[in-house]
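[1] requesting a structural model of the entry that follows:
(2 chains)
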2 protein chains.
Amino acid sequence: MCPEPESAPANGSVNRGGHHSGSPYQPVGDFLSNTNRFQIIESTLREGEQFANAFFDREAKIKIATALSDFGVEYIELTSPAASPQSREDCEAICKLGLKDAKLACDTGVDGVDVVIGTSKQLREHSHGKDMDYIKKTALEVIAYIKSRGVEVRFSSEDSFRSDLVDLLDLYRAVDRAGVNRVGVADTVGCATPRQVYDLVRTLRGVVGCDIETHFHNDTMCAVANAHAALEAGATHIDTSVLGIGERNGITPLGGLLARMIVGSHDYVTSRYKLHKLLALEDLVADHVQINIPFNNPVTGFAAFSHKAGIHAKAILNSPSTYEIIDPADFGMSRYVHFASRLTGWNAIKSRVEQLGLTMTDDQIKEVTQKIKALADIRPLAVDDADAIIRSYHLELQS
Amino acid sequence: MCPEPESAPANGSVNRGGHHSGSPYQPVGDFLSNTNRFQIIESTLREGEQFANAFFDREAKIKIATALSDFGVEYIELTSPAASPQSREDCEAICKLGLKDAKLACDTGVDGVDVVIGTSKQLREHSHGKDMDYIKKTALEVIAYIKSRGVEVRFSSEDSFRSDLVDLLDLYRAVDRAGVNRVGVADTVGCATPRQVYDLVRTLRGVVGCDIETHFHNDTMCAVANAHAALEAGATHIDTSVLGIGERNGITPLGGLLARMIVGSHDYVTSRYKLHKLLALEDLVADHVQINIPFNNPVTGFAAFSHKAGIHAKAILNSPSTYEIIDPADFGMSRYVHFASRLTGWNAIKSRVEQLGLTMTDDQIKEVTQKIKALADIRPLAVDDADAIIRSYHLELQS
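    Below you'll find the predicted structure:
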């Protein structure tokens, strides 16, 4: 059932390959799926600037934009130049960089402009106070103006998942006919579940002909799963930020999305993005906003490829795929198998004995494992402690 | 579309209430859904002990078990007493606590026993080396023995999502007929997507009559979304650990799951768990395993209820539900609206002026907002800095 098929042909009839052929647990509707042809709209310099700790000066913005372009993201979104004079000047400075790999989305001579309006009852009442007729009329006027300037235009509703469905589809159809390049669906408050995302995007896919961008907040920890569900349903673009930084606890993180996507679309992800630069990119942004990379961050968190339990350690040493769905080497990372713990089996100790260049029989290794377990029961053991026990035992064997 | 309905009646025909009535985006199959009648199997003292940094001595185990029971989780899972003599003694010590609220799952005089076997091709080849016939025969023998001792018995496959579907269903049906209390589905490598989880659990729901427990690893950041999908499909129990600690980057976090579930099942979640004790519980575990609570942790991360952008701040001040799907007060937390930033609108400054007990007209507030924005463009502003500008401006107004 895992991983998903690499290909997503148009007829929905896929030869899955291997022993999972014909499994009913493959996602339905593969003919709509863009899980292996998505594009990333990287919003660290827009959404990420709304993160509590974020204050990017121009130098930081230029560093981050350059690193993102180098990493391979398809779009870099910038804070609106209307936010402040500084934002405008920063925007212009980044445009002048002439980044090779990524398009820019903001204003003042860049490649695209976003038009965003809140469509939920909550936002219409408490934020901008406009009704749906006004929203539609204004949107069409703005879109006509932007198109006359010859740049990409995206129309997005805010808080899409608490908006009236029929109003929403009516609005999207109108802006699609007006010729927007993309429509955007946004889970602004982080309430959506993957099944709701799949249903909404799949319906929208039947209503508009343009690209579909999606934006998911992470308040309920579903931002990566929702992005995946959106791609399964036919979305074309996913908004991300480095480490997910953004308003409140942020949006779909770039690294988390790629950890999810590489499982089913390995060749697409590895060919498109310089994955071995992910850690440096995350460090760059984390330093600027003064946060630590979470211990459990996908791929780059210190625990991501740590194995501890004895039975796990045995299988990992035999064949990493038994307990790893992601190959750390794809991201330039390495795995770490703990062996100094009460949970560690003798197989992990055997591996360590071999690493140390010592020779022991299996029975001897089992005996020294018991000694290590006995001490680990009493106090935490560092690798050095376990090594000392192994070496001492080995010395006894010689004499 | 969000939040989901609180009730999940048996006929699938729900009056959704409010203006979302009849929306096609409500999850299908509500008659199977357990999103508002799930139970938590808290595994910090089993799965969590496999976390790289975890070393729980008996005192720590007793503190954590007591706090979990007090919080309201339905089950506490402990490391197998067979792992080491210390594990056995700790297990017995926790049993003697006589915790009022939670059942214990392990051995030596507790309430239930788990039987786990890896069923994927990868695990059968590289871990235990047994075939499916052997697995089935052995499982039935072990189950008969445990049942003869009169305690709860759960049978779980490991790496369920890379196992052969037909073999898996055959095995589950056999153990269900043998009288197990629960069967368990485990995404041991963290590969599953929410749609795969929904499909597997829904199929399994039609094959077995017993409860269904689910266990999701978080390698691709889908562990919370997968737990939610499992409950929608009819699973009854979710494995969690505090902060998600476990093998590699862990499993569904207790706090993250409750953040997800409270959105659709507010009354169930608030009536069942002492949510205002979540932060203290997370701090307790984080201290013992020497980690920091991630900046973006749901509910308790420092950014979870921080609002920065001007338009957001305005709406949040008008009505929190515009940009918050979770009420921080439900968890004993509070929100924080930034105002010292280039992105801050004058509405946030107005709120701050009022908090400071000063009187200004809207035009005056707009003017001082410009001064604050101008300075924030040049260097990061602390709250004190912005307050100083407001007070200085207010003083000028008086003279």
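
[2] mind listing the strands in the stretch 51-200 of chain A by residue range?
    Applying DSSP state E, counting those that start in this stretch to the stretch 51-200 of chain A gives strands spanning A:75-77, A:103-105, A:112-118, A:152-158, A:182-187.

[3] lowest average confidence across those, which one?
    Comparing mean pLDDT across those, the weakest is strand A:103-105, with a mean of 73.

[4] ok, which stretches of the stretch 251-399 of chain A are strands?
    A:306-307, A:336-337.

[5] nearest to chain B, of those strands?
    Minimum separation from chain B across the strands of the stretch 251-399 of chain A (CB to the nearest CB) falls at strand A:306-307, 4.0 Å. Using the backbone N, CA and C atoms, a C-beta is placed for each residue, glycine as well.

[6] contacts for the closest one, please.
    For strand A:306-307, the external contacting residues (CB atoms under 8 Å, 6 or more residues apart in numbering or on different chains) are A:313, A:316, A:323, A:335, A:336, A:337, A:338, B:52, B:247, B:248.

[7] would you reformat the residues you listed as JSON lines and include pLDDT, distance to residue B:356 and neighbour count?
    Shown next, in JSON lines, are the contacts of strand A:306-307 (pLDDT from 0 to 100; distance: CB to CB, whole Å; neighbours: other CB atoms under 10 Å in any protein chain shown):
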{"residue": "A:313", "pLDDT": "66", "distance to residue B:356": "59", "neighbour count": "26"}
{"residue": "A:316", "pLDDT": "73", "distance to residue B:356": "58", "neighbour count": "23"}
{"residue": "A:323", "pLDDT": "82", "distance to residue B:356": "56", "neighbour count": "30"}
{"residue": "A:335", "pLDDT": "76", "distance to residue B:356": "54", "neighbour count": "16"}
{"residue": "A:336", "pLDDT": "72", "distance to residue B:356": "52", "neighbour count": "15"}
{"residue": "A:337", "pLDDT": "70", "distance to residue B:356": "57", "neighbour count": "19"}
{"residue": "A:338", "pLDDT": "67", "distance to residue B:356": "53", "neighbour count": "23"}
{"residue": "B:52", "pLDDT": "82", "distance to residue B:356": "47", "neighbour count": "23"}
{"residue": "B:247", "pLDDT": "92", "distance to residue B:356": "51", "neighbour count": "26"}
{"residue": "B:248", "pLDDT": "92", "distance to residue B:356": "49", "neighbour count": "28"}
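
[8] rewinding a little: mind putting the strands of the stretch 51-200 of chain A in a markdown table, distance to chain B included?
    Listed next are the strands of the stretch 51-200 of chain A as a markdown table, based on distance: least, CB to the nearest CB, whole Å:
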| stretch | distance to chain B |
| --- | --- |
| strand A:75-77 | 14 |
| strand A:103-105 | 17 |
| strand A:112-118 | 8 |
| strand A:152-158 | 9 |
| strand A:182-187 | 8 |
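
[9] mind putting the ones you listed in a markdown table, mean neighbour count included?
    Converted to a markdown table, these look like this (neighbours: other CB atoms under 10 Å in any protein chain shown):
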| stretch | mean neighbour count |
| --- | --- |
| strand A:75-77 | 25 |
| strand A:103-105 | 21 |
| strand A:112-118 | 20 |
| strand A:152-158 | 24 |
| strand A:182-187 | 26 |
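
[10] can you redo those as JSON lines with distance to residue A:194?
    Putting the strands of the stretch 51-200 of chain A into JSON lines (distance: least, CB to CB, whole Å) gives the following:
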{"stretch": "strand A:75-77", "distance to residue A:194": "24"}
{"stretch": "strand A:103-105", "distance to residue A:194": "26"}
{"stretch": "strand A:112-118", "distance to residue A:194": "23"}
{"stretch": "strand A:152-158", "distance to residue A:194": "19"}
{"stretch": "strand A:182-187", "distance to residue A:194": "11"}
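
[11] so which of the ones you listed gets nearest residue B:328?
    strand A:182-187 (19.0 Å; CB to CB).

[12] just how off-centre is that closest one within its chain?
    Here strand A:182-187 is found 17 Å from its chain centre; the criterion is CA atoms, centre = their mean, to the nearest Å.

[13] what do you get for stretch A:58-70?
    Distance, centroid of stretch A:58-70 to centroid of chain: 19 Å (CA atoms, centre = their mean).

[14] and that stretch, does that touch chain B?
    No: Stretch A:58-70 does not reach chain B (CB under 8 Å from any CB of the partner chain); its nearest approach is 10.4 Å.

[15] got the CA positions of that stretch in CSV?
    Output of stretch A:58-70 as CSV, limited to C-alpha atoms (Å, rounded to 0.1, in the frame of the first residue of the first chain):
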residue,chain,number,x,y,z
ARG,A,58,17.3,43.1,3.2
GLU,A,59,20.5,41.1,3.5
ALA,A,60,18.6,38.2,5.1
LYS,A,61,15.9,38.3,2.4
ILE,A,62,18.5,38.2,-0.3
LYS,A,63,20.3,35.3,1.3
ILE,A,64,17.1,33.4,1.8
ALA,A,65,15.7,34.1,-1.7
THR,A,66,19.0,33.0,-3.2
ALA,A,67,19.1,29.8,-1.2
LEU,A,68,15.5,29.0,-2.1
SER,A,69,16.2,29.5,-5.8
ASP,A,70,19.3,27.4,-5.5
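
[16] can you list contacts of it?
    So stretch A:58-70 is contacted by A:42, A:44-45, A:56, A:76, A:78, A:86, A:89-90, A:93-94, A:97, A:99-102, A:242, A:274, A:277, A:280-281, A:284-285, A:288 (CB under 8 Å, 6+ apart).

[17] also stretch A:261-278?
    Residues contacting stretch A:261-278 (CB under 8 Å, 6+ apart): A:2-6, A:35-38, A:67, A:70-73, A:228, A:231, A:254-255, A:258, A:299-300, A:325-326, A:330-332, B:191, B:193, B:220.

[18] for it, how far is the first residue from the last?
    Chord length of stretch A:261-278, first to last residue, is 15 Å (CA to CA, to the nearest Å).

[19] got the buried residues for that stretch?
    Neighbour-count burial for stretch A:261-278 flags A:261-266, A:268-269, A:272-273, A:275, A:277-278 (criterion: 16 or more other CB atoms under 10 Å in any protein chain shown).

[20] out of these, which comes closest to residue B:361?
    Closest to residue B:361, out of all of the buried residues of stretch A:261-278 and judged by CB to CB, is residue A:278, at 50.5 Å.

[21] in chain A, which spans are helices?
    With DSSP state H as the criterion, chain A has helices at A:58-71, A:85-96, A:121-123, A:132-148, A:165-177, A:194-205, A:223-233, A:254-264, A:266-272, A:278-289, A:310-318, A:346-355, A:362-376, A:383-398.

[22] figure out which of those helices is closest to residue A:187.
    So among those, helix A:223-233 is nearest, using CB to CB, at 6.5 Å.

[23] which of the buried residues of stretch A:261-278 sit farthest apart?
    A:264 and A:277 (22.0 Å).

[24] run a quick neighbour tally on residue A:99.
    17 (other CB atoms under 10 Å in any protein chain shown).

[25] oops, could you answer that again for residue A:361 instead?
    9.

[26] over to residue A:331?
    24.

[27] I'd guessed it sits against residue A:280; true?
    No: with contact defined as CB atoms under 8 Å, residue A:331 does not reach residue A:280; the gap is 11.1 Å.
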